[in-house]
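Trainee: pasting the sequence and the predicted coordinates here, then a few questions.
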Amino acid sequence: IRQGYGRIKEKAMGKYDKMNKEMISPEANEKRSKKFQELVKNLYVDKSHFIYELLQNAEDQFEKKYGTIGSNINEKHTVKFALYKDRLEFQHNGQLFNDDDVKNIIEYLSESKKHTPNAIGKFGIGFKSVYTITEYPRIHSGNHNFKIKSLQAEEIEPLVNLKKDQTKFIFPLKDASDCFKTISDGLRGINKNELIFLKWISQLEITINDDDSYANTIQKDFVISKDYTTVVLTETQDLHKEIKWIVFEKKITDENVERLVKIAYKIKKSDDDNKSREQIERLLHSPIFSYFSTKIDSKIGFLIHAPFHTTPSRDALKDNDSWNATCFSELVNLLCASLDQLRDSGLLTASAIRALPIHSEHFDDSYQYKIFTDAVLNSFKTKKLIPTVEPGVFVESKKARMTTSGQMKEVFKKELLSFIFGNPDFRWVT
């Protein structure tokens, strides 16, 4: 045929044909089959969990875009969810997709992220959780416009009105009525505290286009000081309830990659002696965070975050994991250092001490939480951290004396108290 009619013109390859062809080789098929089995085994029970995977994906893209060149610390990095009867849209202005991003998002396991703890691709099922609501995700980002069908990329027309620096995901709902309710409940249920430990995302916009026309914007404002960062969270659905936190952090190293462990104390306004002042408030529920909250309640009275190794569903920590043990040890060190800074900032009051894990019986037999109690009590023994009735004066526990009687404090003042106990440094606890 070639001799008689000349060379047959080969069909031009589509934009993603070569990529797809490379990924469906026999070797790749076998590899993907094994990964698929792992994926099925670890499917999410919470069908709305993909919301947090998309947020983490956006956070990763912001890190790629701004992590090396820096960013205005007060610049708003916004992500948007828009739910319609037939689709969900998700949008951000982080790093635009490149070829590797396309490959990673359609593979079962992202080769570029699998060695990075808690990155989306670590288990290869982060983005795959969207398949609980859609069959053909559509992605528009920079020069890439494609939908995923049978785990292959198919080129589609670009969106006319999408700004050049924006990435938009469109998820046609595969079971509109059921999926709509699942997503709607998930979006309405996002707690504003989920933004506390994110580095880049500072504003989350949610619109639900149904009969109620729900709209909400969660915003994070923060001020970085010498010792800690003050974080203020607000949302348009509850304008009168502002939540304030002070966040301490400590750098740690994981396989030569610098990461952070963090502690967040909740701040409340209190009226003492007709004066409004800020105090630390103990949390009744203290979920452990690994970027987002897990289902584990530490019961320690404040929030802790670390780049823990989690289960694939991200709702629990891996058991008997040496890296997680390291994270807890570093958090304990951070806790002890934060006590000195709270004292120097005037925040180490009786209210703050009540917020600390000083009662080990709260933690059952869990070693990793009891180490917080041991560390706090040891700090009280060795450092001047217990507030006294004298403003700005702190003592170690062995020099602190308590009484429930205000009259006794008036009668036995500092000089008499020192005389009785034979030590000039003894003080009444506030």
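Mentor: The structure has been received and is ready for your questions. Residues are numbered from 1 along each chain as shown.

Trainee: CA only for contacts and neighbour counts going forward, please
Mentor: Will do.

Trainee: and Tyr52, how far is that from Phe308?
Mentor: Here Tyr52 is placed at a distance of 16 Å from Phe308 (CA to CA, to the nearest Å).

Trainee: nope, Ser270 is what I was after
Mentor: When CA to CA is the yardstick, Ser270 and Phe308 sit 35 Å from each other.

Trainee: what stretches of the stretch 1-150 of the chain score poorly on pLDDT?
Mentor: Residues of the stretch 1-150 of the chain meeting the criterion pLDDT under 70: 1-13, 21-45, 68-74, 108-125.

Trainee: just the helices in it please.
Mentor: 2-5, 17-23, 26-41, 50-66, 99-106 (DSSP state H, counting those that start in this stretch).

Trainee: ok, Tyr52 and Phe308, which is more surrounded?
Mentor: Phe308 (24 against 21; other CA atoms under 10 Å).

Trainee: my guess is the more buried one meets Ala325, correct?
Mentor: No - taking contact to mean CA atoms under 8 Å, the distance of 9.0 Å between Phe308 and Ala325 leaves them out of contact.

Trainee: contacting residues around Lys80?
Mentor: Residues counted as contacts of Lys80 (CA atoms under 8 Å, 6 or more residues apart in numbering) are 89-92, 204-206.

Trainee: and the closest residue to it other than its chain neighbours, which of the three is it?
Mentor: Spatial nearest neighbour of Lys80, chain neighbours left out: Glu205 (4.7 Å); criterion: CA to CA, 6 or more residues apart in numbering. Reduced to three states with DSSP: H, G, I helix; E, B strand; the rest coil, the structure at Glu205 is strand.

Trainee: ok now do Glu205, which residues does it touch?
Mentor: With contacts defined as CA under 8 Å, 6+ apart, the neighbours of Glu205 are 78-81, 215-218.

Trainee: show me how to select, in PyMOL, the buried members of those.
Mentor: The PyMOL selection below is limited to those of those classed as buried (16 or more other CA atoms under 10 Å):
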select buried, resi 78+79+80+81+216+217+218
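
Trainee: from the contacts of Glu205, pick the one nearest Leu173.
Mentor: Relative to Leu173, the closest of these is Phe81; by CA to CA it sits at 14.2 Å.

Trainee: do I have it right that the closest one meets Arg87?
Mentor: No - shown here, Phe81 and Arg87 do not form a contact pair, counting by CA under 8 Å, at 10.7 Å.

Trainee: the top helix by length along the chain - contacts with which helices or strands?
Mentor: With residue count as the measure and DSSP state H as the assignment, the chain has helix 322-344 as its longest helix. For helix 322-344, the contact count by 3 or more CA pairs under 8 Å, 6 or more residues apart in numbering; DSSP states H and E identifies strand 243-254, strand 257-272, helix 367-382 as packing neighbours.

Trainee: and the contacts of the last one?
Mentor: The contact list for helix 367-382, computed with CA under 8 Å, 6+ apart, reads 298, 300, 325, 328, 332, 335-336, 356-360, 363, 385-386, 396-398.

Trainee: list buried residues within these.
Mentor: Judged by 16+ other CA under 10 Å, buried ones among the contacts of helix 367-382: 298, 300, 328, 332, 335-336, 356-358, 360, 363, 385-386, 396-397.

Trainee: can you pull up the most central residue in this structure?
Mentor: Note on the chain: the residue nearest the mean C-alpha position is Tyr291, at 2.2 Å, using CA atoms, centre = their mean.

Trainee: give me the nearest residue to it, chain neighbours excluded.
Mentor: In space, and not counting its chain neighbours, Tyr291 is closest to Phe197: 5.8 Å by CA to CA, 6+ apart.

Trainee: check Leu283 too.
Mentor: By the measure of CA to CA, 6+ apart, the closest residue to Leu283 outside its immediate chain neighbours is Gly301, 4.6 Å from it.

Trainee: how about that neighbour, phi and psi?
Mentor: phi 100, psi -10 (degrees, to the nearest 10).
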